[in-house]
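Participant: Kindly generate the corresponding structure for this input.
(chains A and B)
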2 protein chains.
Amino acid sequence: MKKTVSLLVMLVMVFCSFNLAAAKPLQVEKIGSFFVGGTTVTLSGLPTTEGVFAKNGPKRVSDPNGEFAVGQMYVQYIKLADSKAKYPLMLWHGGASTGATWETLIDGRPGWQTFFLKAGHDVYVSDAVERGRAGWNRWPEIYKTAPEFPDAKRAWVGSRIGPTYDPDPTKRVAFPGSRYPAKYFEYGRKAAVPRWSSLNDERVQCAYDEYVKKVGDCVILTTSQGGNFATQEALNNPDKVKAVILVEPSGTADPTADLTVLKNIPHLVIYGDYIQGHPTWEKYYANVSKYRDALVAAGVPVTWIDLPKIGIKGNSHALIQENNSEQIAQIIQDWMEKNKLMK
Amino acid sequence: MKKTVSLLVMLVMVFCSFNLAAAKPLQVEKIGSFFVGGTTVTLSGLPTTEGVFAKNGPKRVSDPNGEFAVGQMYVQYIKLADSKAKYPLMLWHGGASTGATWETLIDGRPGWQTFFLKAGHDVYVSDAVERGRAGWNRWPEIYKTAPEFPDAKRAWVGSRIGPTYDPDPTKRVAFPGSRYPAKYFEYGRKAAVPRWSSLNDERVQCAYDEYVKKVGDCVILTTSQGGNFATQEALNNPDKVKAVILVEPSGTADPTADLTVLKNIPHLVIYGDYIQGHPTWEKYYANVSKYRDALVAAGVPVTWIDLPKIGIKGNSHALIQENNSEQIAQIIQDWMEKNKLMK
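Facilitator: Sure thing, here's the model as predicted:
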């Protein structure tokens, strides 16, 4: 009887503590942002135009000449009063995206920014050069080429949501077993922004270099194109990057580089489903696999998870948005705990 | 003696409570973001190009045709567990800017997002259509004209920091008594983003309409170009907009419109220094003054503060960044309290 009562009391206590944990507000020490990297470029000799830039205001000259900020990136941080992680967690977005990738999911559930804040990390969310709040510059005078504008078909087929895109949602085909919340696809397109080709990569990497130097010791979690920059960043700042987490990377640093400097930096790679048969993704996956082999040969600890191989099927390239988003974030959190990245 | 002791105890208590307030973390209930407004536009018949979009990746076709998200805006919200304000506080940025305007100041002090969170408001920070995380679209197929890129001279002279700009900081002239942190001017340029002319205003306003409809009852605090949109928004949604705060507005809605629907919506206007003698700002100021007169004639409560007239001299158009930023935020907070916008 006494034991039963104790058990009941314990159960009630556990239940209450769960409820309290769910309801407890985030203890935020500081919210802020900064710009980092970049330089000033001067343009001259371009013709001026005229326009109105305030409602009912006077016409004024618009002069494309002068000094312009080029190559900076934007970073927003949320620091906790009760951080449980050893290092700030940096979230680096992919192509045609901004830091909004990590915020609220397209179906309204909390995103990974919130997940990792709740797990006790100080979370840094950035917009890389040319994206979002980082701003962008004119071409061909500063950037070499015109941007690519993110169309819906590329998002559907290119992100392996399904084999066939159609403007009519009822005619759009998703892969069997897809976890993507297809009814929010149109809404999700609103988060896409113009991007430039890899000709701009060097400028982007330079800003990431400055970002890591400024913040110091950190863990980098990226998706898609962010993998290219994060793997290079670990090579550029091996004393500061404490772990590299690559979700659906589209590329990496050069596998023929000397990777032995990375031997104390654990790497985690996670891929979703439907890669086989997708020509672009087969090539991206093969490239990243080569890099993995080079890492392992250099003695770098690598955890490679093909989600379908551990029984989690149905994830596209956009797995952060999918119905098991939190499950995948938890896999990452467990890996960070196992790798002693928490206090 | 007894009185002295009581006074001492009281002083110590007041001191402690100030210190506790300063040290207490923000109690954040929810951080998230959403996109709102906009539609889908289809482009066809444009020539394709080729490019590499992932390091060491294959060349792929870049197709400018397809379906594109157009006219959405981006909103990030931070909701407090212990909000003391009756309504969410929306911060709307100005031209060539994004929501970063409201975050950390260029000299590193906390910005108005933090000030108003600490004052007890749920704070919403947005990027209007064409700016920051809202994304932007190609021209002339979707937007009518090319953008204007934000050069340094326009920021210095156009923002009334000083009469003379020079690329060499030592030759740059600020107005006498300027409060602008000139040594951070170059850094401040990193926050500027391309903008379009007023030909894009309708699209921007439509998104703001949807934003206010989605959030509901709210207070809008804007700077510069945001004044154009906020005054129009009060007319478009007079049942939801509970107050309009215009910091250095560059324009307003049409003063010949029927403004009687605004009679329960208090308006606050704040202008800085150095307007007289600046041709563009004299015109902007005259336009907003006309709107003020029309508001007053329609029975709308208006508080108009010319900072120099209340003894606060030296503020430019960029007053949020200046050495009395917090003092001006406090004037706004006091006005909100007086207008019963706090619980």
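
Participant: ok and the residue in the stretch 1-150 of chain A nearest chain B?
Facilitator: Closest contact between the stretch 1-150 of chain A and chain B, by C-beta to the nearest C-beta, is at residue A:66 (3.1 Å). C-beta: built from backbone N, CA, C; applies to glycine.

Participant: Nearest residue to that residue in space, ignoring adjacent ones along the chain?
Facilitator: residue B:151 (3.1 Å; C-beta to C-beta, 6 or more residues apart in numbering or on different chains).

Participant: Could you do residue A:194 as well?
Facilitator: residue A:147 (4.0 Å).

Participant: quick one: contacts for that neighbour?
Facilitator: A:130, A:136, A:139, A:194-196 (C-beta atoms under 8 Å, 6 or more residues apart in numbering or on different chains).

Participant: So how do I select the buried members of those in ChimeraX?
Facilitator: What follows is the ChimeraX syntax selecting those of the contacts of residue A:147 that are buried according to 16 or more other C-beta atoms under 10 Å in any protein chain shown:
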select /A:130,136,194,195,196
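
Participant: Would you check which pair of the contacts of residue A:147 lies furthest apart?
Facilitator: A:139 and A:195 (12.7 Å; C-beta to C-beta).

Participant: Make sure residue A:221 is indeed in a strand.
Facilitator: Yes - assessed by DSSP: H, G, I helix; E, B strand; the rest coil, residue A:221 belongs to a strand.

Participant: Tell me how far the residue nearest to it when sequence neighbours are not counted lies from residue B:54.
Facilitator: Nearest residue to residue A:221, sequence neighbours excluded (C-beta to C-beta, 6+ apart): residue A:245, at 4.2 Å. According to C-beta to C-beta, to the nearest Å, residue A:245 stands 18 Å off from residue B:54.

Participant: So between those two, which is more surrounded?
Facilitator: Ranked by neighbour count (other C-beta atoms under 10 Å in any protein chain shown), residue A:245 and residue B:54 place residue A:245 first, with 28 against 25.

Participant: Identify the residues contacting the more buried one.
Facilitator: Residue A:245 sits next to A:219-222, A:267-268, A:270, A:332, A:335-336 when contact means C-beta under 8 Å, 6+ apart.

Participant: Check which element follows the helix or strand containing residue A:117 along the chain.
Facilitator: Secondary structure from DSSP states H and E places residue A:117 in helix A:112-118. Counting by DSSP H and E, the next helix or strand C-terminal to helix A:112-118 is strand A:123-127.

Participant: Double-check that residue A:69 belongs to a helix.
Facilitator: No - using three-state DSSP, the assignment for residue A:69 is strand, not a helix.

Participant: So which residues of the stretch 51-200 of chain A form strands?
Facilitator: Assigned by DSSP state E, counting those that start in this stretch, the strands in the stretch 51-200 of chain A fall at A:59-62, A:66-70, A:73-80, A:89-92, A:123-127.

Participant: ok, the residue in the stretch 101-250 of chain A positioned nearest to chain B - contacts?
Facilitator: Residue of the stretch 101-250 of chain A nearest chain B, by C-beta to the nearest C-beta: residue A:151 (3.1 Å). For residue A:151, the contact set (C-beta under 8 Å, 6+ apart) comprises B:63-68.

Participant: among the helices and strands of chain A, which has the poorest mean pLDDT?
Facilitator: Least confident helix or strand of chain A, by mean pLDDT, DSSP states H and E, is helix A:2-23 with a mean of 50.

Participant: List every C-alpha atom in the next helix or strand after that helix, with coordinates, as CSV.
Facilitator: Following helix A:2-23 in sequence order, the next helix or strand is strand A:26-36 (DSSP H and E). Extracted in CSV, the C-alpha atoms of strand A:26-36 (Å, rounded to 0.1, in the frame of the first residue of the first chain):
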residue,chain,number,x,y,z
LEU,A,26,12.3,30.4,-22.3
GLN,A,27,14.7,32.3,-20.0
VAL,A,28,16.2,34.7,-22.6
GLU,A,29,19.3,36.6,-21.5
LYS,A,30,19.8,38.6,-24.7
ILE,A,31,18.3,38.9,-28.2
GLY,A,32,20.3,40.8,-30.8
SER,A,33,21.8,40.8,-34.2
PHE,A,34,24.9,41.9,-36.1
PHE,A,35,26.4,42.1,-39.5
VAL,A,36,29.8,40.6,-40.2
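
Participant: what's the neighbour count on residue A:193?
Facilitator: Residues near residue A:193, counting by other C-beta under 10 Å, number 26.

Participant: Tell me what residue A:268 is bridged to.
Facilitator: residue A:245, residue A:303 (DSSP bridges).

Participant: That one reaches residue A:249, doesn't it?
Facilitator: No - at 10.7 Å, residue A:268 does not count as touching residue A:249 under the criterion of C-beta atoms under 8 Å.
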